[in-house]
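Enquirer: Got a sequence here, can you model it:
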Amino acid sequence: MASRRYKVKTPEHSAGGEEVKDFIENPEVLVEQFSKTEDFFQKNMKPVLAILGFILLVFGGFLGYKYYVSSQDEIAQKEMFQAVFYFEQDSLDQALNGDGLNFGLLDIINDYGATGAGNLARFYAGTCYLKLGEYDNAISQLSSFKSSDLMVQARAYSLIGDAYMELGNFSDAADHFDKAANYKPNKNITPLYLMKSALAYERQSDYPKAIARYDKILSNHFGSAEFQNAKKYKVRLETMAAP
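Expert: Next up, the predicted model:
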């Protein structure tokens with residue numbers, strides 16, 4: 001039977017060597033290669049199967065976990081409906097703790113904390129605690145909340161800042177108002193957070209940083225609701241800071 005020969009350049013040849021390997025494509029060579037492969041698997045069957053089994057286990061576990069979290073999230077959203085209703089009615093204790101028949105926000109966090117609904121429950125719970133004057137609890141819940149949403153994540157940073165202001169911790173308050181202002185800046189909410197940050201710095205008597213926040217509003221947010229106040233407060237602080 002006629003055979004076909006292919007010349008395959010080796011690294012030695014490409015570097016200037018003269019070595020050329022012949023690849024012979026015929027049934028005998030193919031049988032020999034399959035035999036070598038079969039021998040390899042027979043000799044290494046256990047480790048190969050163990051590796052394949054581990055890969056399948058991890059992949060199957062990942063898919064199973066995603067399905068579980070998705071199904072749990074649907075349940076949590078239904079369970080949280082009444083708690084959100086109480087929140088909107090300012091029935092804050094019932095929103096947090098439930099009414100004996102329906103779950104409260106804290107139940108959702110405890111039972112479904114890994115879901116999207118559980119994450120959102122932290123935002124609601126932190127807001128409840130802030131309104132109730134439980135500022136440390138508010139900071140704890142809101143700090144655990146994470147979102148890619150433009151409005152909600154910035155709002156969470158700002159609420160943490162509000163809690164720190166109530167605690168008299170103006171440094172951490174300013175840091176969180178800055179986070180809110182710098183999180184996907186936009187003309188609608190950024191000026192408000194800059195005003196809050198300026199006030200926090202003013203409470204620390206750090207007038208240069210407060211003035212810098214007012215300058216940002218005057219430079220970047222002309223026409224905003226905060227523009228005129230920023231201009232007025234800046235002049236006041238410049239007068240106070242003057243020697």
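Enquirer: Just give the nearest non-adjacent residue to the most centrally placed residue in the chain, would you?
Expert: Central residue of the chain (CA atoms, centre = their mean): K146, 5.0 Å from the mean position. Counting by CB to CB, 6 or more residues apart in numbering, K146 lies nearest to N119, which is 6.5 Å off, once chain neighbours are set aside. The C-beta positions use only the backbone N, C-alpha and C, and glycine is treated the same way.
Enquirer: Pull the number of nearby residues for that neighbour.
Expert: Summarising burial for N119: neighbours were counted as other CB atoms under 10 Å, giving 19.
Enquirer: In this structure it contacts F145, no?
Expert: Yes - under the criterion of CB atoms under 8 Å, N119 is in contact with F145, at a separation of 6.2 Å.
Enquirer: Tell me the confidence at the residue nearest to the centre of the chain?
Expert: The predicted local confidence for K146 comes out at a pLDDT of 95.
Enquirer: Am I right that it sits in a strand?
Expert: No - in this structure, K146 is coil, not part of a strand, as judged by DSSP: H, G, I helix; E, B strand; the rest coil.
Enquirer: how much space between it and N97?
Expert: When CB to CB, to the nearest Å is applied, the distance between K146 and N97 equals 24 Å.
Enquirer: Am I right that the residue nearest to K146 is in a strand?
Expert: No - the secondary structure assignment for N119 gives helix rather than a strand, going by three-state DSSP.
Enquirer: Need the pLDDT of Q42.
Expert: At Q42, the model reports a pLDDT of 69.
Enquirer: For stretch 234-243, buried residues please.
Expert: Applying a neighbour-count criterion of 16 or more other CB atoms under 10 Å, the buried positions in stretch 234-243 are K234, L237.
Enquirer: Same check on stretch 169-180?
Expert: For stretch 169-180, by 16+ other CB under 10 Å, it's N169, F170, D172, A173, A174, D175, H176, F177, D178, K179, A180.
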